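>>> Give me the fold of what follows.
(chains A and B)
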Amino acid sequence: MRASIGSLNRFLYLAGIIIILIVWESIAVRVAAGGLPNIHAVLSSLLLLAGTGELWQHLLISLHRSLTGFATGAALGFFAGAAAGFSKPLYYLLKPLVGIVLCFPAVVVVMLAMVWFGIGAGVAIFITALFTFPLIYISVVESVALMDEQLLEMAAVYRIKKWRLWWHFYLPALATAIIAGFAFAAGTAFRKTVMAELFGSNDGVGYAMAMTRFELDTAALFAWVTVCLLVVAAVELILVKPLTGYLRRWRLPGKTTEAGIGE
Amino acid sequence: MIKPGKYKKKLAYFWMALGILALGAGWQWIAMLYGPLIVPLPVETIKAMLGLLSSPEGLAEIYQTFYRCLIAMLLLTITAVTAGMLAGFKPWLAQLIKPLSDILIAIPPVALTLLVIFLFGGGGVQTVAVAVALGFPLLYGGTLTAVRSLDRDLLEMFRAYKVSKTVQLWDGFLPAVIYAVIPNILLAAGLVVRLMVMAEIIVGMQRGIGPALSIARVHMDTEELFAWLLLMAAAVLIMEGVLLYLTKKHLLRWQAGR
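Take a look at the predicted model:
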(Lines give C-alpha, C1' and ligand atoms only; values in the text may rest on other atoms or scores of the structure.)
Protein backbone atom coordinates (compact mmCIF):
# COMPACT_ATOMS: atom_id res chain seq x y z
CA MET A 1 0.00 0.00 0.00
CA ARG A 2 2.68 2.46 1.03
CA ALA A 3 4.82 1.53 -1.93
CA SER A 4 1.97 2.25 -4.32
CA ILE A 5 1.38 5.69 -2.78
CA GLY A 6 5.07 6.37 -3.13
CA SER A 7 5.11 5.39 -6.78
CA LEU A 8 1.95 7.42 -7.45
CA ASN A 9 3.62 10.44 -5.88
CA ARG A 10 6.73 9.87 -7.97
CA PHE A 11 4.53 9.65 -11.05
CA LEU A 12 2.74 12.91 -10.18
CA TYR A 13 6.07 14.64 -9.52
CA LEU A 14 7.33 13.49 -12.89
CA ALA A 15 4.06 14.65 -14.46
CA GLY A 16 4.64 18.07 -12.90
CA ILE A 17 8.07 18.27 -14.51
CA ILE A 18 6.67 17.18 -17.87
CA ILE A 19 3.91 19.82 -17.66
CA ILE A 20 6.55 22.50 -17.04
CA LEU A 21 8.56 21.27 -20.03
CA ILE A 22 5.49 21.12 -22.31
CA VAL A 23 4.35 24.62 -21.32
CA TRP A 24 7.88 25.91 -21.86
CA GLU A 25 8.25 24.24 -25.25
CA SER A 26 4.85 25.38 -26.52
CA ILE A 27 5.48 29.00 -25.48
CA ALA A 28 8.97 28.84 -26.96
CA VAL A 29 7.66 27.68 -30.31
CA ARG A 30 5.19 30.54 -30.52
CA VAL A 31 7.52 33.28 -29.34
CA ALA A 32 9.85 34.26 -32.17
CA ALA A 33 13.57 33.60 -32.02
CA GLY A 34 15.35 35.90 -29.61
CA GLY A 35 12.62 35.46 -27.02
CA LEU A 36 12.26 32.20 -25.15
CA PRO A 37 14.60 29.51 -26.51
CA ASN A 38 13.17 26.03 -26.85
CA ILE A 39 14.52 22.94 -25.09
CA HIS A 40 16.61 21.90 -28.10
CA ALA A 41 18.35 25.30 -28.28
CA VAL A 42 19.15 25.19 -24.58
CA LEU A 43 20.56 21.67 -24.76
CA SER A 44 22.76 22.48 -27.74
CA SER A 45 23.97 25.61 -25.95
CA LEU A 46 24.77 23.47 -22.92
CA LEU A 47 26.72 21.02 -25.10
CA LEU A 48 28.57 23.90 -26.74
CA LEU A 49 29.57 25.31 -23.33
CA ALA A 50 30.72 21.86 -22.25
CA GLY A 51 32.60 21.34 -25.51
CA THR A 52 34.55 24.59 -25.35
CA GLY A 53 35.44 23.88 -21.73
CA GLU A 54 33.83 27.14 -20.60
CA LEU A 55 31.33 25.20 -18.52
CA TRP A 56 33.88 23.25 -16.47
CA GLN A 57 36.14 26.25 -16.04
CA HIS A 58 33.47 28.51 -14.49
CA LEU A 59 31.75 25.69 -12.61
CA LEU A 60 34.98 24.55 -10.95
CA ILE A 61 35.78 28.13 -9.91
CA SER A 62 32.31 28.55 -8.37
CA LEU A 63 32.38 25.18 -6.64
CA HIS A 64 35.82 25.92 -5.23
CA ARG A 65 34.68 29.30 -3.91
CA SER A 66 31.48 28.01 -2.38
CA LEU A 67 33.39 25.15 -0.72
CA THR A 68 36.00 27.51 0.72
CA GLY A 69 33.37 29.94 1.99
CA PHE A 70 31.20 27.13 3.27
CA ALA A 71 34.07 25.44 5.12
CA THR A 72 35.07 28.73 6.78
CA GLY A 73 31.53 29.64 7.81
CA ALA A 74 30.72 26.10 8.92
CA ALA A 75 33.87 25.79 11.06
CA LEU A 76 33.11 29.10 12.81
CA GLY A 77 29.44 28.16 13.19
CA PHE A 78 30.33 24.75 14.58
CA PHE A 79 32.72 25.94 17.30
CA ALA A 80 30.56 28.91 18.28
CA GLY A 81 27.46 26.71 18.24
CA ALA A 82 29.00 23.94 20.33
CA ALA A 83 30.28 26.45 22.89
CA ALA A 84 26.94 28.29 23.04
CA GLY A 85 25.08 24.99 23.33
CA PHE A 86 26.84 24.22 26.58
CA SER A 87 26.94 27.76 28.02
CA LYS A 88 23.77 29.80 28.37
CA PRO A 89 25.54 33.13 28.97
CA LEU A 90 27.47 32.63 25.73
CA TYR A 91 24.26 31.67 23.91
CA TYR A 92 22.56 34.92 24.88
CA LEU A 93 25.76 36.89 24.31
CA LEU A 94 25.92 35.66 20.70
CA LYS A 95 22.18 35.99 20.07
CA PRO A 96 22.29 39.61 18.83
CA LEU A 97 25.17 38.83 16.43
CA VAL A 98 23.50 35.76 14.90
CA GLY A 99 20.14 37.53 14.79
CA ILE A 100 21.47 40.56 12.93
CA VAL A 101 23.34 38.44 10.36
CA LEU A 102 20.12 36.51 9.66
CA CYS A 103 18.38 39.83 8.96
CA PHE A 104 21.03 41.12 6.53
CA PRO A 105 19.93 41.35 2.90
CA ALA A 106 22.70 39.53 1.01
CA VAL A 107 22.87 42.07 -1.84
CA VAL A 108 23.71 44.93 0.50
CA VAL A 109 26.55 42.92 2.02
CA VAL A 110 27.72 42.07 -1.51
CA MET A 111 27.90 45.79 -2.30
CA LEU A 112 29.96 46.40 0.85
CA ALA A 113 32.22 43.42 0.17
CA MET A 114 32.91 44.79 -3.31
CA VAL A 115 34.18 48.01 -1.75
CA TRP A 116 36.31 46.05 0.71
CA PHE A 117 37.76 43.29 -1.46
CA GLY A 118 37.37 44.66 -5.00
CA ILE A 119 36.33 42.45 -7.90
CA GLY A 120 37.39 38.84 -7.38
CA ALA A 121 37.12 35.69 -5.33
CA GLY A 122 37.13 37.55 -1.97
CA VAL A 123 33.55 38.80 -2.33
CA ALA A 124 32.10 35.35 -3.07
CA ILE A 125 34.01 33.57 -0.32
CA PHE A 126 33.16 36.26 2.27
CA ILE A 127 29.44 36.25 1.41
CA THR A 128 29.22 32.46 1.42
CA ALA A 129 31.03 32.18 4.75
CA LEU A 130 28.98 34.96 6.37
CA PHE A 131 25.64 33.40 5.44
CA THR A 132 26.67 29.80 6.17
CA PHE A 133 27.74 30.71 9.71
CA PRO A 134 24.28 31.30 11.30
CA LEU A 135 22.74 28.24 9.63
CA ILE A 136 25.37 25.86 11.00
CA TYR A 137 25.48 27.70 14.34
CA ILE A 138 21.75 27.29 14.88
CA SER A 139 21.68 23.61 13.90
CA VAL A 140 24.56 22.82 16.29
CA VAL A 141 23.03 24.78 19.18
CA GLU A 142 19.70 23.02 18.64
CA SER A 143 21.30 19.59 18.49
CA VAL A 144 23.07 20.20 21.80
CA ALA A 145 19.81 21.44 23.31
CA LEU A 146 17.98 18.35 22.12
CA MET A 147 20.37 15.97 23.85
CA ASP A 148 18.51 13.81 26.28
CA GLU A 149 18.87 15.29 29.75
CA GLN A 150 17.58 12.16 31.43
CA LEU A 151 20.22 10.09 29.72
CA LEU A 152 22.84 12.55 30.93
CA GLU A 153 21.50 12.34 34.48
CA MET A 154 21.63 8.59 34.29
CA ALA A 155 25.21 8.80 33.12
CA ALA A 156 25.98 10.97 36.13
CA VAL A 157 24.27 8.54 38.50
CA TYR A 158 26.23 5.59 37.14
CA ARG A 159 29.42 7.64 37.16
CA ILE A 160 30.26 7.08 33.55
CA LYS A 161 33.68 8.43 32.68
CA LYS A 162 33.87 11.79 30.93
CA TRP A 163 35.65 10.51 27.81
CA ARG A 164 33.14 7.68 27.44
CA LEU A 165 30.32 10.19 27.63
CA TRP A 166 31.95 12.23 24.89
CA TRP A 167 32.70 9.27 22.70
CA HIS A 168 29.34 7.52 23.02
CA PHE A 169 26.99 10.41 23.59
CA TYR A 170 28.05 13.95 22.71
CA LEU A 171 30.01 13.19 19.56
CA PRO A 172 27.41 10.97 17.82
CA ALA A 173 24.62 13.42 18.64
CA LEU A 174 26.66 16.38 17.40
CA ALA A 175 27.91 14.55 14.32
CA THR A 176 24.45 13.65 13.05
CA ALA A 177 23.11 17.16 13.61
CA ILE A 178 26.12 18.67 11.91
CA ILE A 179 25.77 16.39 8.91
CA ALA A 180 22.11 17.37 8.57
CA GLY A 181 22.87 21.07 8.99
CA PHE A 182 25.74 20.91 6.52
CA ALA A 183 23.64 19.18 3.91
CA PHE A 184 20.87 21.74 3.94
CA ALA A 185 23.20 24.72 4.07
CA ALA A 186 25.20 23.49 1.06
CA GLY A 187 22.58 24.50 -1.52
CA THR A 188 22.29 27.93 0.09
CA ALA A 189 26.06 28.34 -0.07
CA PHE A 190 26.14 27.69 -3.81
CA ARG A 191 23.34 30.18 -4.48
CA LYS A 192 25.10 32.85 -2.41
CA THR A 193 28.33 32.26 -4.33
CA VAL A 194 26.54 32.68 -7.66
CA MET A 195 24.94 35.91 -6.45
CA ALA A 196 28.24 37.35 -5.28
CA GLU A 197 29.90 36.39 -8.57
CA LEU A 198 27.20 38.04 -10.64
CA PHE A 199 27.99 41.41 -9.06
CA GLY A 200 31.61 41.19 -8.00
CA SER A 201 33.70 38.75 -10.00
CA ASN A 202 35.13 38.27 -13.46
CA ASP A 203 34.85 34.51 -13.52
CA GLY A 204 32.58 31.78 -12.13
CA VAL A 205 29.00 30.74 -12.92
CA GLY A 206 27.49 34.03 -11.69
CA TYR A 207 29.81 36.02 -13.93
CA ALA A 208 29.06 33.77 -16.91
CA MET A 209 25.34 34.45 -16.38
CA ALA A 210 25.90 38.18 -16.24
CA MET A 211 27.85 37.95 -19.52
CA THR A 212 24.96 36.23 -21.31
CA ARG A 213 23.01 39.43 -20.67
CA PHE A 214 25.51 41.54 -22.58
CA GLU A 215 25.76 38.99 -25.37
CA LEU A 216 21.95 38.71 -25.45
CA ASP A 217 22.39 34.92 -25.48
CA THR A 218 19.18 33.66 -23.88
CA ALA A 219 19.92 30.01 -24.65
CA ALA A 220 23.24 30.26 -22.80
CA LEU A 221 21.50 31.81 -19.77
CA PHE A 222 19.03 28.92 -19.70
CA ALA A 223 21.95 26.53 -20.00
CA TRP A 224 23.67 28.09 -16.97
CA VAL A 225 20.41 28.00 -14.99
CA THR A 226 20.16 24.30 -15.84
CA VAL A 227 23.70 23.81 -14.55
CA CYS A 228 22.80 25.53 -11.26
CA LEU A 229 19.67 23.40 -10.85
CA LEU A 230 21.71 20.25 -11.54
CA VAL A 231 24.27 21.24 -8.90
CA VAL A 232 21.55 21.78 -6.28
CA ALA A 233 19.79 18.57 -7.33
CA ALA A 234 23.07 16.65 -7.05
CA VAL A 235 23.64 18.02 -3.53
CA GLU A 236 20.07 17.04 -2.66
CA LEU A 237 20.30 13.51 -4.07
CA ILE A 238 23.86 12.67 -3.02
CA LEU A 239 23.97 14.41 0.37
CA VAL A 240 20.60 15.46 1.77
CA LYS A 241 18.32 12.54 0.87
CA PRO A 242 20.58 9.67 2.05
CA LEU A 243 21.55 11.56 5.20
CA THR A 244 18.04 12.52 6.24
CA GLY A 245 16.97 8.93 5.57
CA TYR A 246 19.80 7.73 7.77
CA LEU A 247 18.91 10.23 10.50
CA ARG A 248 15.25 9.29 10.41
CA ARG A 249 16.21 5.68 10.99
CA TRP A 250 17.91 6.79 14.17
CA ARG A 251 14.93 9.00 15.03
CA LEU A 252 17.07 12.07 15.02
CA PRO A 253 15.78 15.43 13.89
CA GLY A 254 16.60 16.06 10.26
CA LYS A 255 16.44 19.33 8.40
CA THR A 256 14.22 19.93 5.40
CA THR A 257 15.39 21.89 2.42
CA GLU A 258 12.62 24.41 2.94
CA ALA A 259 14.81 26.03 5.55
CA GLY A 260 17.16 26.89 2.72
CA ILE A 261 14.72 29.30 1.05
CA GLY A 262 16.29 32.71 0.82
CA GLU A 263 17.65 35.31 -1.52
CA MET B 1 21.80 23.10 27.41
CA ILE B 2 19.28 25.66 26.19
CA LYS B 3 15.86 24.90 27.54
CA PRO B 4 13.58 27.87 26.96
CA GLY B 5 11.93 29.19 30.07
CA LYS B 6 14.30 27.45 32.44
CA TYR B 7 16.95 30.13 32.32
CA LYS B 8 16.21 33.27 34.29
CA LYS B 9 14.77 35.95 32.01
CA LYS B 10 16.61 38.83 33.65
CA LEU B 11 19.93 37.06 33.23
CA ALA B 12 19.16 36.33 29.59
CA TYR B 13 18.39 40.00 28.94
CA PHE B 14 21.57 40.98 30.75
CA TRP B 15 23.74 38.78 28.52
CA MET B 16 21.91 39.87 25.38
CA ALA B 17 22.41 43.54 26.28
CA LEU B 18 26.07 42.74 26.87
CA GLY B 19 26.16 41.04 23.45
CA ILE B 20 24.76 44.16 21.77
CA LEU B 21 27.29 46.32 23.61
CA ALA B 22 30.10 44.00 22.53
CA LEU B 23 28.90 44.22 18.92
CA GLY B 24 28.94 48.02 19.10
CA ALA B 25 32.36 48.05 20.75
CA GLY B 26 33.77 45.58 18.22
CA TRP B 27 32.40 47.70 15.38
CA GLN B 28 33.93 50.87 16.87
CA TRP B 29 37.28 49.10 17.27
CA ILE B 30 37.34 47.77 13.69
CA ALA B 31 36.31 51.19 12.38
CA MET B 32 39.19 52.84 14.23
CA LEU B 33 41.57 50.10 13.06
CA TYR B 34 40.75 50.31 9.35
CA GLY B 35 39.70 53.93 9.08
CA PRO B 36 36.30 55.48 8.37
CA LEU B 37 36.59 55.02 4.60
CA ILE B 38 36.54 51.23 4.91
CA VAL B 39 34.33 50.83 7.99
CA PRO B 40 32.43 53.94 9.11
CA LEU B 41 32.16 54.76 12.81
CA PRO B 42 28.89 53.70 14.49
CA VAL B 43 28.04 57.32 15.33
CA GLU B 44 28.52 58.41 11.71
CA THR B 45 26.41 55.49 10.48
CA ILE B 46 23.56 56.40 12.82
CA LYS B 47 23.78 59.98 11.59
CA ALA B 48 23.62 58.75 7.99
CA MET B 49 20.61 56.57 8.87
CA LEU B 50 18.78 59.52 10.38
CA GLY B 51 19.78 61.54 7.33
CA LEU B 52 18.18 59.00 5.01
CA LEU B 53 15.04 58.89 7.11
CA SER B 54 14.67 62.68 7.23
CA SER B 55 15.70 63.71 3.71
CA PRO B 56 13.08 63.78 0.93
CA GLU B 57 15.44 61.80 -1.39
CA GLY B 58 15.96 59.01 1.14
CA LEU B 59 12.24 58.80 1.87
CA ALA B 60 11.44 58.75 -1.84
CA GLU B 61 13.72 55.72 -2.36
CA ILE B 62 12.20 53.95 0.64
CA TYR B 63 8.68 54.72 -0.56
CA GLN B 64 9.42 53.32 -4.05
CA THR B 65 10.75 50.03 -2.73
CA PHE B 66 8.04 49.80 -0.07
CA TYR B 67 5.34 50.35 -2.68
CA ARG B 68 6.74 47.57 -4.90
CA CYS B 69 7.05 45.25 -1.91
CA LEU B 70 3.45 45.94 -0.94
CA ILE B 71 2.12 45.01 -4.39
CA ALA B 72 4.36 41.94 -4.46
CA MET B 73 3.06 40.86 -1.04
CA LEU B 74 -0.56 41.28 -2.15
CA LEU B 75 -0.05 39.18 -5.28
CA LEU B 76 2.08 36.66 -3.44
CA THR B 77 -0.45 36.20 -0.66
CA ILE B 78 -3.32 35.69 -3.08
CA THR B 79 -1.51 33.19 -5.33
CA ALA B 80 0.47 31.26 -2.73
CA VAL B 81 -2.31 30.95 -0.15
CA THR B 82 -4.87 29.91 -2.78
CA ALA B 83 -2.49 27.35 -4.28
CA GLY B 84 -1.53 26.14 -0.81
CA MET B 85 -5.16 25.65 0.25
CA LEU B 86 -6.11 23.85 -2.96
CA ALA B 87 -3.04 21.62 -2.72
CA GLY B 88 -3.74 21.02 0.95
CA PHE B 89 -7.12 19.50 0.18
CA LYS B 90 -6.00 17.71 -2.99
CA PRO B 91 -2.76 15.79 -2.32
CA TRP B 92 -2.28 14.96 -6.01
CA LEU B 93 -2.19 18.67 -6.81
CA ALA B 94 0.47 19.20 -4.16
CA GLN B 95 2.61 16.54 -5.76
CA LEU B 96 2.07 18.09 -9.18
CA ILE B 97 3.09 21.57 -8.00
CA LYS B 98 6.11 20.24 -6.11
CA PRO B 99 8.55 20.31 -9.07
CA LEU B 100 7.74 23.98 -9.74
CA SER B 101 8.18 24.85 -6.09
CA ASP B 102 11.42 22.83 -5.94
CA ILE B 103 12.82 24.65 -8.96
CA LEU B 104 11.93 28.04 -7.46
CA ILE B 105 13.74 27.02 -4.25
CA ALA B 106 16.82 25.67 -6.01
CA ILE B 107 17.29 28.37 -8.66
CA PRO B 108 19.75 31.12 -7.71
CA PRO B 109 17.56 34.23 -7.30
CA VAL B 110 19.91 36.29 -9.46
CA ALA B 111 19.45 33.74 -12.26
CA LEU B 112 15.66 33.96 -12.11
CA THR B 113 15.90 37.75 -12.18
CA LEU B 114 18.03 37.59 -15.34
CA LEU B 115 15.56 35.17 -16.92
CA VAL B 116 12.68 37.56 -16.24
CA ILE B 117 14.64 40.46 -17.74
CA PHE B 118 15.48 38.42 -20.84
CA LEU B 119 11.89 37.42 -21.43
CA PHE B 120 9.97 40.48 -20.33
CA GLY B 121 12.44 43.35 -20.36
CA GLY B 122 13.27 45.59 -17.41
CA GLY B 123 10.86 47.59 -15.28
CA GLY B 124 9.05 47.86 -11.98
CA VAL B 125 6.54 45.14 -12.90
CA GLN B 126 9.40 42.72 -13.50
CA THR B 127 10.91 43.33 -10.05
CA VAL B 128 7.52 42.56 -8.51
CA ALA B 129 7.23 39.38 -10.61
CA VAL B 130 10.66 38.21 -9.41
CA ALA B 131 9.77 38.77 -5.76
CA VAL B 132 6.43 36.97 -6.14
CA ALA B 133 7.97 33.97 -7.91
CA LEU B 134 10.84 33.57 -5.45
CA GLY B 135 8.64 34.15 -2.41
CA PHE B 136 6.09 31.59 -3.61
CA PRO B 137 7.65 28.36 -2.24
CA LEU B 138 7.89 29.75 1.30
CA LEU B 139 4.29 30.94 1.63
CA TYR B 140 2.88 28.07 -0.43
CA GLY B 141 4.71 25.52 1.72
CA GLY B 142 3.56 27.25 4.89
CA THR B 143 -0.08 27.25 3.80
CA LEU B 144 0.16 23.61 2.76
CA THR B 145 1.47 22.63 6.18
CA ALA B 146 -1.25 24.71 7.85
CA VAL B 147 -4.04 23.00 5.92
CA ARG B 148 -2.55 19.56 6.50
CA SER B 149 -2.37 20.12 10.23
CA LEU B 150 -6.02 21.20 10.50
CA ASP B 151 -7.74 19.52 13.36
CA ARG B 152 -8.84 16.08 12.08
CA ASP B 153 -11.33 15.72 14.94
CA LEU B 154 -12.99 18.94 13.91
CA LEU B 155 -13.37 17.65 10.35
CA GLU B 156 -14.90 14.44 11.69
CA MET B 157 -17.36 16.41 13.77
CA PHE B 158 -18.37 18.52 10.75
CA ARG B 159 -19.10 15.34 8.87
CA ALA B 160 -21.00 13.73 11.76
CA TYR B 161 -23.22 16.77 12.31
CA LYS B 162 -23.62 17.34 8.55
CA VAL B 163 -22.48 20.95 8.74
CA SER B 164 -23.04 22.66 5.39
CA LYS B 165 -20.01 23.15 3.14
CA THR B 166 -20.18 26.96 3.23
CA VAL B 167 -20.31 27.06 7.01
CA GLN B 168 -17.42 24.59 7.10
CA LEU B 169 -15.37 26.81 4.82
CA TRP B 170 -16.14 30.21 6.36
CA ASP B 171 -16.32 29.29 10.04
CA GLY B 172 -14.10 26.24 10.11
CA PHE B 173 -11.27 26.18 7.63
CA LEU B 174 -10.68 29.79 6.70
CA PRO B 175 -10.17 31.24 10.20
CA ALA B 176 -7.92 28.34 11.15
CA VAL B 177 -5.86 28.54 7.98
CA ILE B 178 -5.61 32.32 8.03
CA TYR B 179 -4.39 32.29 11.61
CA ALA B 180 -1.83 29.63 10.81
CA VAL B 181 -0.73 31.44 7.66
CA ILE B 182 -0.08 34.87 9.22
CA PRO B 183 3.38 33.88 10.59
CA ASN B 184 4.29 32.62 7.12
CA ILE B 185 3.12 35.90 5.58
CA LEU B 186 5.47 37.78 7.90
CA LEU B 187 8.39 35.51 6.97
CA ALA B 188 7.53 35.99 3.31
CA ALA B 189 7.44 39.78 3.77
CA GLY B 190 10.96 39.73 5.18
CA LEU B 191 12.08 37.66 2.20
CA VAL B 192 10.29 39.89 -0.33
CA VAL B 193 12.03 43.03 0.99
CA ARG B 194 15.43 41.38 0.48
CA LEU B 195 14.52 39.99 -2.94
CA MET B 196 13.09 43.31 -4.09
CA VAL B 197 16.32 45.21 -3.46
CA MET B 198 18.28 42.55 -5.34
CA ALA B 199 15.86 42.63 -8.27
CA GLU B 200 15.96 46.46 -8.38
CA ILE B 201 19.73 46.42 -8.70
CA ILE B 202 19.87 43.75 -11.43
CA VAL B 203 16.97 45.18 -13.43
CA GLY B 204 18.61 48.59 -13.18
CA MET B 205 15.74 50.65 -11.83
CA GLN B 206 16.08 54.42 -11.59
CA ARG B 207 14.53 54.85 -8.17
CA GLY B 208 14.37 52.74 -5.02
CA ILE B 209 16.70 51.39 -2.34
CA GLY B 210 18.44 49.05 -4.83
CA PRO B 211 19.58 51.84 -7.17
CA ALA B 212 20.61 53.96 -4.18
CA LEU B 213 22.84 51.07 -3.10
CA SER B 214 24.42 50.76 -6.55
CA ILE B 215 25.25 54.46 -6.58
CA ALA B 216 26.68 54.32 -3.06
CA ARG B 217 28.88 51.39 -4.13
CA VAL B 218 30.19 53.22 -7.19
CA HIS B 219 31.06 56.20 -4.97
CA MET B 220 32.60 53.81 -2.42
CA ASP B 221 30.30 55.48 0.12
CA THR B 222 30.57 52.86 2.89
CA GLU B 223 28.75 55.16 5.30
CA GLU B 224 25.60 55.11 3.20
CA LEU B 225 25.95 51.38 2.51
CA PHE B 226 26.17 50.69 6.23
CA ALA B 227 23.18 52.96 6.86
CA TRP B 228 21.05 51.08 4.30
CA LEU B 229 22.27 47.72 5.63
CA LEU B 230 21.17 48.56 9.16
CA LEU B 231 17.90 50.16 8.08
CA MET B 232 16.94 47.11 6.05
CA ALA B 233 18.08 44.71 8.76
CA ALA B 234 15.89 46.66 11.19
CA ALA B 235 12.92 46.40 8.83
CA VAL B 236 13.42 42.65 8.45
CA LEU B 237 13.92 42.28 12.19
CA ILE B 238 10.61 44.02 12.87
CA MET B 239 8.76 41.68 10.51
CA GLU B 240 10.54 38.39 11.12
CA GLY B 241 11.35 39.00 14.76
CA VAL B 242 9.00 41.32 16.62
CA LEU B 243 5.77 40.90 14.64
CA LEU B 244 6.29 37.16 14.27
CA TYR B 245 6.82 36.80 18.01
CA LEU B 246 3.69 38.81 18.80
CA THR B 247 1.45 36.90 16.37
CA LYS B 248 2.74 33.56 17.59
CA LYS B 249 1.98 34.58 21.16
CA HIS B 250 -1.48 35.75 20.15
CA LEU B 251 -1.99 32.61 18.11
CA LEU B 252 -1.18 30.33 21.02
CA ARG B 253 -3.67 32.15 23.20
CA TRP B 254 -6.31 31.91 20.47
CA GLN B 255 -5.74 28.19 20.07
CA ALA B 256 -5.85 27.66 23.83
CA GLY B 257 -9.13 29.57 24.00
CA ARG B 258 -10.77 27.47 21.33
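>>> in the longest helix anywhere in chain A, what counts as buried?
The longest helix of chain A (DSSP state H) is helix A:54-86. Buried residues in helix A:54-86, counted by 16 or more other C-beta atoms under 10 Å in any protein chain shown: A:55, A:58-59, A:61-62, A:65-74, A:76-78, A:80-82, A:84-86. Any C-beta I mention is one placed from the backbone N, CA and C, and that applies to glycine too.
>>> spatially speaking, which residue is in the middle of the chain?
As the question left the chain open, I've gone with chain A. For chain A, the residue sitting closest to the mean C-alpha position, by C-alpha atoms, centre = their mean, is residue A:187 at 1.8 Å.
>>> Hmm, no, I was thinking of chain B.
Closest-to-mean residue, chain B, C-alpha atoms, centre = their mean: residue B:190 / 1.6 Å.
>>> what's the burial count for the residue lying closest to that residue once chain neighbours are set aside?
Excluding the flanking residues, the one nearest residue B:190 by C-beta to C-beta, 6 or more residues apart in numbering or on different chains is residue B:240, at 4.1 Å. Residues within reach of residue B:240, counting by other C-beta atoms under 10 Å in any protein chain shown, total 21.
>>> Residue B:37 too?
11.
>>> Over to residue A:182?
Count around residue A:182 with other C-beta under 10 Å applied: 23.
>>> Show me what whichever strand or helix holds it is packed up against.
If you go by DSSP states H and E, residue A:182 is part of helix A:171-200. Helix A:171-200 sits against helix A:54-86, helix A:106-117, helix A:121-145, helix A:205-214, helix A:218-235, helix A:241-249, helix B:109-120, helix B:174-203, with contacts defined as 3 or more C-beta pairs under 8 Å, 6 or more residues apart in numbering or on different chains; DSSP states H and E.
>>> Measure how far the first one is from the centre of its chain, please.
Shown here is helix A:54-86, whose average C-alpha point lies 10 Å from the average C-alpha point of the whole chain (C-alpha atoms, centre = their mean, to the nearest Å).
>>> same check, this time on stretch B:226-245
9 Å.
>>> what sits against the residue of the stretch 51-200 of chain A found nearest chain B?
The minimum distance from the stretch 51-200 of chain A to chain B, using C-beta to the nearest C-beta, falls at residue A:92 (3.5 Å). Residues in contact with residue A:92, defined by C-beta atoms under 8 Å, 6 or more residues apart in numbering or on different chains, are B:11-12, B:14-16, B:19.
>>> Give me the buried entries from those residues.
B:12, B:15-16, B:19.
>>> list the buried ones in the helix holding residue A:182?
A:173-174, A:176-200.
>>> Packing partners of the longest helix of chain A?
Helix A:54-86 packs on helix A:39-52, helix A:88-103, helix A:121-145, helix A:171-200, helix A:205-214, helix A:218-235, going by 3+ C-beta pairs under 8 Å, 6+ apart.
>>> Please render those helices as a markdown table that adds distance to residue B:52 to the earlier fields.
Converted to a markdown table, the helices and strands packed on helix A:54-86 look like this (distance: least, C-beta to C-beta, whole Å):
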| stretch | distance to residue B:52 |
| --- | --- |
| helix A:39-52 | 43 |
| helix A:88-103 | 18 |
| helix A:121-145 | 24 |
| helix A:171-200 | 22 |
| helix A:205-214 | 29 |
| helix A:218-235 | 35 |
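>>> Quick one: closest of those helices to residue B:85.
The closest of the helices and strands packed on helix A:54-86 to residue B:85 is helix A:171-200. By C-beta to C-beta, the value is 26.8 Å.
>>> Check the offset of that closest one from the chain's centre.
From the chain centre to the centre of helix A:171-200 is a distance of 4 Å (C-alpha atoms, centre = their mean).
>>> Next, the angle helix A:218-235 makes with it.
Helix A:171-200 and helix A:218-235 are oriented at 170 degrees to each other (axes from the mean of the first three to the mean of the last three C-alpha atoms, to 10 degrees).
>>> Tell me where the model's unsure across chain A.
Applying pLDDT under 70 to chain A flags the ranges A:1-4, A:31-34, A:148-151, A:176-177, A:244, A:246-263.
>>> And for the stretch 151-258 of chain B?
B:151-153, B:254-258.
>>> ok, which stretches of it are helices?
When secondary structure is read from DSSP state H, counting those that start in this stretch, the stretch 151-258 of chain B shows helices at B:152-160, B:165-167, B:174-203, B:209-218, B:222-236, B:244-257.
>>> what's the burial count for residue A:211?
As a burial measure, residue A:211 scores 17 neighbours (other C-beta under 10 Å).
>>> Residue A:234 and residue A:227, how far apart?
Here residue A:234 is placed at a distance of 11 Å from residue A:227 (C-beta to C-beta, to the nearest Å).
>>> Those two - which one has more neighbours?
residue A:227 (22 against 11).
>>> so what's that one up against?
So residue A:227 contacts A:46, A:55, A:59, A:205 (C-beta under 8 Å, 6+ apart).
>>> who touches the residue nearest to the second one when sequence neighbours are not counted in this structure?
Just to be clear, that refers to residue A:55. Excluding its sequence neighbours, the residue lying closest to residue A:55 (C-beta to C-beta, 6+ apart) is residue A:49, at 4.1 Å. By C-beta under 8 Å, 6+ apart, the residues touching residue A:49 are A:55, A:220, A:223-224.
>>> Against chain B, how distant is residue A:49?
Applying C-beta to the nearest C-beta, to the nearest Å, the value for residue A:49 to chain B is 15 Å.
>>> Chain B contacts on the stretch 101-250 of chain A?
Contact residues, the stretch 101-250 of chain A versus chain B (C-beta under 8 Å from any C-beta of the partner chain): A:102-109, A:111-112, A:114-116, A:141, A:144-145, A:147, A:149, A:187, A:190-191, A:194-195, A:198-199, A:206, A:209-210, A:212-213, A:218, A:221-222, A:224-225, A:228-229, A:232-233, A:236.
>>> follow-up on the earlier one: ok, the residue nearest to the centre of chain B - contacts?
Counted by C-beta under 8 Å, 6+ apart, residue B:190 has contacts A:103, B:236, B:239-240.
>>> Go through the residues you listed and name the one nearest residue B:99.
Of all those, residue B:240 has the smallest distance to residue B:99: 27.9 Å, by C-beta to C-beta.
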